[in-house]
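Novice: Sequence plus the predicted model coming up.
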Amino acid sequence: MTKKVSREKFEEVVADGMQAIPEKFLAKLDNVAIVVESQPTPAQIKKLKIRQGWSLFGLYEGVPQAVRGAHYSSVLPDKITIFQKPIEEAARSEKEIKEIVKNTVWHEIAHHFGMGEARVRQAEARRKNNPYH
């Protein structure tokens, strides 16, 4: 059984997920927009080589802070997209939607700070094992 919520409610859940990020990280976000889309585009799926049957909950597109040089200026904001439909399809309850969104927001913000996929997954495992996150 999948759980669906309105776009407005989902955007509130994403905003709540952002509020779960510690202030020390939020204060360092730089030139990044966080948006909600229904689902990834075919071009995004192809570019990321998402296999059939896999889901993409979020996507970071931009120049990670760790690789921005002195000439980084006058550029469009980086973009973190949270995909509503795949999250709803994976969740069995509104509580699960909230948890998936929170974890996805953390994941994509870690990419914004320059963490590669392996490091992000290690950090996620540590965070999930910490009952005080």
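Specialist: Sure thing, it's come through. Numbers count the residues shown, from 1 in each chain.
Novice: So which residues of this structure form strands?
Specialist: 32-37, 58-61, 78-83 (DSSP state E).
Novice: buried ones in the top helix by length along the chain?
Specialist: In the chain, taking DSSP state H as the definition, the longest helix is helix 94-112. Buried residues in helix 94-112, counting neighbours by 16 or more other C-beta atoms under 10 Å, are found at 97-98, 100-112. In short, each C-beta sits where N, CA and C put it, glycine included.
Novice: name the helices or strands packed onto it?
Specialist: Under the contact criterion of 3 or more C-beta pairs under 8 Å, 6 or more residues apart in numbering; DSSP states H and E, helix 94-112 touches helix 7-19, strand 58-61, strand 78-83, helix 84-90, helix 117-129.
Novice: Select, out of the ones you listed, the one closest to residue 46.
Specialist: strand 58-61 (12.8 Å; C-beta to C-beta).
Novice: Centre of the chain to that closest one, how far?
Specialist: 6 Å (C-alpha atoms, centre = their mean, to the nearest Å).
Novice: for stretch 52-61, same thing?
Specialist: 10 Å.
Novice: Please convert the helices and strands packed on helix 94-112 to CSV, extending it with mean neighbour count.
Specialist: What follows is the helices and strands packed on helix 94-112, written out as CSV (neighbours: other C-beta atoms under 10 Å):
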stretch, mean neighbour count
helix 7-19, 16
strand 58-61, 21
strand 78-83, 21
helix 84-90, 19
helix 117-129, 12
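Novice: Make CSV from those and add mean pLDDT and distance to residue 43 to it.
Specialist: Listed next are those as CSV, based on pLDDT from 0 to 100; distance: least, C-beta to C-beta, whole Å:
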stretch, mean pLDDT, distance to residue 43
helix 7-19, 94, 22
strand 58-61, 92, 11
strand 78-83, 94, 13
helix 84-90, 96, 16
helix 117-129, 66, 20
